[in-house]
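[1] requesting a structural model of the entry that follows:
(chains A, B, C and D)
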2 protein chains.
Amino acid sequence: MMFSPLSSAVNTYKALAHPARMRILAMLRGGELCVCQLIAVVRLAPSTISAHLVELKRAGLVEDRKEGKWVHVRLADGVDAQEVLESVFLTLADDPQVKADLAVLKMLRRVELAVLTRAGMSLERVGITGCCPPAPAKRGRA
Amino acid sequence: MMFSPLSSAVNTYKALAHPARMRILAMLRGGELCVCQLIAVVRLAPSTISAHLVELKRAGLVEDRKEGKWVHVRLADGVDAQEVLESVFLTLADDPQVKADLAVLKMLRRVELAVLTRAGMSLERVGITGCCPPAPAKRGRA
DNA sequence: ACCATATTTCGCGTGGTGACGAAATGATGT
DNA sequence: ACATCATTTCGTCACCACGCGAAATATGGT
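    Have a look, this model is predicted:
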C-alpha cells in the first residue's frame, strides 16, 4: 500500500505513543528477542503483547521471524524507521522504567527460553526477583 | 509537573499522532499564526481546532500569545521539542496535503485577519478557491 | 454601558484503543 | 496420530479521542 508522508508519519507516531510499545522497542535495541521474553518483562497478557507487536509491525518498526516453537522479534532495518528510533532511544536512555527493563533483560538472556516459558513467563519463577513491584505484598506487613 | 522520560516521550508522540495537529505544526514552521488562520486552512470547527491546540500545548510543542482580539500560536522554543519537530518536518516536506496547506497559507498571509474572520474563516469568501474540495459539487453536473 | 466577535469550555454521540480470557492455530516432539 | 505448548485471533468490556454545536468567556469598538 502507498500512503502519503503525512499519514505514514501519523501511523508511526501512533505506534510510538504507548509506553509498552516504547519499552519493547527499547529492549529490542539490544538485539533480537523472543516474544516470550517480552511478555515476561513487560508483564502484560500474551494476547496484549501480541496486539502491540502487530501495531509495531504495521508501522514498519519491527519484523519477526519464526524459529521453531518461538517467534523472534527485531527492529526493522528500514531507513524510515531507523532515523525515528534513534531519537527515541536518546530520550529513553535514562528512563528508570527502561533502565529496569534492560537490567532484567540482562539476566533473562542467561535463562533458556524453554525454562522461561515452562515457568509461565514469570520472572520470579526463574529467579529474577524484586524488579517491578518489590513483591505482591497483599497489604498487611512491610 | 515532573514526568519520566518515557511518559513525556509518549505524550509527545500522542500529540504528533494526528493529521490535523501535524498540519498545524507544519504551518507554524513558517512563523506565528492566528488561530483563525488555522481554522480556515484545516477546515475544522473552531472548537475542534482549539482542542487540538490544547493538546499541542500540553505536549510543549506550541505556545500561544494573546494579541487584542486574536490569539497567535507559534512553535515552542524548548530544546526538547525542537529536535523532534525537525525530523517531523523532513518527512512532511513533500506531502501533498502539507504542500497545499502552505500554498494556501502564502495567500492567506496577505489577507487581513479582520477580513478573514468577518468571512467566517471561509477561504472561498476571501478569494482563495479550489484548494481542497474543488467545489461543494452537490452531485449533479461535472 | 453595550454590542459584536474570537476563542474556549461544555456536553454529547460515535468510533477506536487497550486490557483480558477463551478458543484457534501451527510447529515439536513422542 | 497425538499431545504439548508458544503465539495469535476473537469476543467483550471499559475508557478515551475526536468531531460538532451551544453556551461561556474575554477583548475591542461604539
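[2] continuing past the helix or strand containing A:V104, what's the next helix or strand?
    Using DSSP states H and E, A:V104 falls within helix A:96-108. Sequence-wise, the next helix or strand downstream of helix A:96-108 (DSSP H and E) is helix A:113-118.
[3] from the chain's centre, how far out is the least confident helix or strand in chain A by mean pLDDT? Work that out for me.
    The weakest-scoring helix or strand in chain A, judged by mean pLDDT, DSSP states H and E, is helix A:79-92 (a mean of 83). Computed by C-alpha atoms, centre = their mean, to the nearest Å, the separation of helix A:79-92 from the middle of its chain amounts to 15 Å.
[4] alpha carbons of that helix, as PDB, please.
    C-alpha atoms of helix A:79-92 as PDB (Å, rounded to 0.1, in the frame of the first residue of the first chain):
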ATOM      1  CA  VAL A  79      15.800   3.700   6.700                       C
ATOM      2  CA  ASP A  80      12.400   5.300   7.500                       C
ATOM      3  CA  ALA A  81      12.200   3.700  11.000                       C
ATOM      4  CA  GLN A  82      15.900   3.800  11.800                       C
ATOM      5  CA  GLU A  83      16.000   7.600  12.000                       C
ATOM      6  CA  VAL A  84      13.000   7.900  14.200                       C
ATOM      7  CA  LEU A  85      14.100   5.200  16.500                       C
ATOM      8  CA  GLU A  86      17.500   6.800  17.200                       C
ATOM      9  CA  SER A  87      15.900   9.900  18.600                       C
ATOM     10  CA  VAL A  88      13.500   7.800  20.600                       C
ATOM     11  CA  PHE A  89      16.400   5.900  22.200                       C
ATOM     12  CA  LEU A  90      18.300   9.100  23.100                       C
ATOM     13  CA  THR A  91      15.400  10.400  25.300                       C
ATOM     14  CA  LEU A  92      14.700   7.000  26.700                       C
END
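[5] buried stuff in it?
    A:D80, A:A81, A:V84, A:L85, A:V88, A:T91, A:L92 (16 or more other C-beta atoms under 10 Å in any protein chain shown). Using the backbone N, CA and C atoms, a C-beta is placed for each residue, glycine as well.
[6] returning to that earlier point: just confirm yes or no for the helix holding A:V104 near DNA strand D.
    No. For a cut-off given as C-beta under 7 Å from any atom of the strand, helix A:96-108 has no contacts with DNA strand D; the smallest distance is 12.7 Å.
[7] close to chain B, is that helix?
    Yes. Residues of helix A:96-108 are located near chain B by C-beta under 8 Å from any C-beta of the partner chain, namely A:P96, A:Q97, A:V98.
[8] contact residues of chain A facing DNA strand C?
    So chain A meets DNA strand C at A:14, A:17-18, A:20, A:44-48, A:51-52, A:55, A:66, A:68-69 (C-beta under 7 Å from any atom of the strand).
[9] in which helix or strand does the most centrally placed residue in chain A reside?
    In chain A, the residue lying closest to the centroid (C-alpha atoms, centre = their mean) is A:I24, at 2.1 Å. Assigned by DSSP H and E, A:I24 belongs to helix A:19-28.
[10] which strands and helices lie in contact with the helix or strand following that helix?
    Moving toward the C-terminus from helix A:19-28, the first helix or strand encountered (DSSP H and E) is strand A:33-34. Helices and strands touching strand A:33-34, by 3 or more C-beta pairs under 8 Å, 6 or more residues apart in numbering or on different chains; DSSP states H and E, are strand A:70-75.
[11] tell me which strands and helices the strand it packs on is in contact with?
    When contacts are defined as 3+ C-beta pairs under 8 Å, 6+ apart, strand A:70-75 packs onto helix A:19-28, strand A:33-34, helix A:35-42, strand A:62-67.
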